[in-house]
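**Q** Got a predicted model here, sequence first, then my questions.
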Amino acid sequence: MSRGAHSAGKPKACRRCGQTQPVTAFRNPRMHDGVASWCRQCHLVGTQRWRAENRERINLARREQYALEHGEVRPYRRKPLYVYLSVEPGPGTGDKSTIVTPAPAGADE
């Protein structure tokens with residue numbers, strides 16, 4: 001079929017749900033004739049289902065793309081608070097020395 005074979009006035013049946021709708025509900029410029037076989041609503045539902053089923057695949061691809069663009073992947077978890085240094089005044093002296101809080105027994109870094 002060539003472009004424009006479906007006129008705007010003619011209805012078309014969706015291959016997924018079977019409902020007859022105007023051709024405007026099937027527009028897709030990526031298709032060779034500019035018209036998709038599924039209506040917009042069926043396409044939306046199908047895309048949402050595919051994304052839900054392939055969430056890990058999508059996230060992995062996004063992480064890889066981020067690493068290519070930025071040189072590294074950001075950590076997804078912050079370090080535990082005991083790893084950071086905290087600055088607190090010394091007891092009653094007004095001294096602003098750095099106090100390192102020790103890690104709890106059995107904690108991972």
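**A** Good, I have the coordinates.

**Q** can you pull out the strands in the chain?
**A** Ranges of strands within the chain are 11-13, 20-22, 86-87, 98-99, based on DSSP state E.

**Q** which strands and helices sit next to the longest helix anywhere in the chain?
**A** For the chain, the helix that runs over the most residues, judged by DSSP state H, is helix 55-70. Helices and strands touching helix 55-70, by 3 or more C-beta pairs under 8 Å, 6 or more residues apart in numbering; DSSP states H and E: there are none. For every residue, glycine as well, the C-beta is placed using N, CA and C.

**Q** C-alpha coordinates for it, CSV please?
**A** Extracted C-alpha coordinates of helix 55-70, given in CSV (Å, rounded to 0.1, in the frame of the first residue of the first chain):
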residue,chain,number,x,y,z
ARG,A,55,11.6,-3.4,33.6
GLU,A,56,15.0,-4.8,34.4
ARG,A,57,16.0,-4.8,30.7
ILE,A,58,15.0,-1.2,30.3
ASN,A,59,16.8,-0.1,33.5
LEU,A,60,20.0,-1.9,32.5
ALA,A,61,19.9,-0.2,29.1
ARG,A,62,19.4,3.2,30.8
ARG,A,63,22.3,2.5,33.2
GLU,A,64,24.6,1.6,30.4
GLN,A,65,23.6,4.7,28.4
TYR,A,66,24.2,6.9,31.5
ALA,A,67,27.6,5.3,32.0
LEU,A,68,28.5,6.0,28.3
GLU,A,69,27.4,9.6,28.6
HIS,A,70,28.8,10.4,32.0
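
**Q** can you pull out the helices in this structure?
**A** Using DSSP H, the helices assigned to the chain run over residues 40-53, 55-70.
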